[in-house]
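A.B. asks: Sequence and computational prediction follow.
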Amino acid sequence: MIESLRNQLWSGDKTGEGVEPDLLAQFSLLEEILRALGVAVSAMEEFEADAALASAALLVAQDRRVDWVVSGTPDKDLAQCVQGKRVVVLDRRRRLERDEP
């Protein structure tokens with residue numbers, strides 16, 4: 001968990017309180033492994049991951065070479081990014097694809 005703008009707006013919102021130290025310690029290791037594999041990693045210091053996913057979906061959808069944009073997340077807030085059947089949200093846990101229809 002990161003401290004974000006939401007924490008400034010609503011005290012106690014999604015803090016890192018209660019997250020196991022062993023789990024927190026794995027985040028930096030995961031970022032290091034992903035970078036070693038050649039995966040682009042962007043640390044979020046002020047905003048939450050859903051803001052990055054929404055921004056990325058918007059930018060990628062504007063590229064005419066891209067036929068289909070899939071945000072893989074169970075976070076229903078990302079449904080506001082859906083555009084027809086071109087930009088969708090995939091909840092793999094529930095095996096549910098959210099598109100505009």
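C.D. replies: The structure has been received and is ready for your questions. Numbering: from 1, shown residues only.
A.B. asks: quick check, distance from the top helix by length along the chain to the centre of its chain.
C.D. replies: In the chain, with assignment by DSSP state H, the single longest helix is helix 21-36. With Cα atoms, centre = their mean, to the nearest Å as the basis, helix 21-36 stands 16 Å off its chain's centre.
A.B. asks: who does it touch, helix- and strand-wise?
C.D. replies: Contact partners of helix 21-36 among helices and strands, from 3 or more Cβ pairs under 8 Å, 6 or more residues apart in numbering; DSSP states H and E: none. All C-beta spots, glycine's among them, are computed from the backbone N, C-alpha and C.
A.B. asks: How about it, which residues are buried there?
C.D. replies: Buried residues in helix 21-36, counting neighbours by 16 or more other Cβ atoms under 10 Å, are absent.
A.B. asks: any idea which helix or strand comes after that helix?
C.D. replies: helix 49-61 (DSSP states H and E).
A.B. asks: Averaged pLDDT, that following helix. What do you get?
C.D. replies: For helix 49-61, mean pLDDT rounds to 88.
A.B. asks: Which residues does that helix contact?
C.D. replies: Applying Cβ atoms under 8 Å, 6 or more residues apart in numbering, the contact partners of helix 49-61 are 42, 44, 66, 69, 71, 73, 75, 77-78, 80-81, 83, 86-87.
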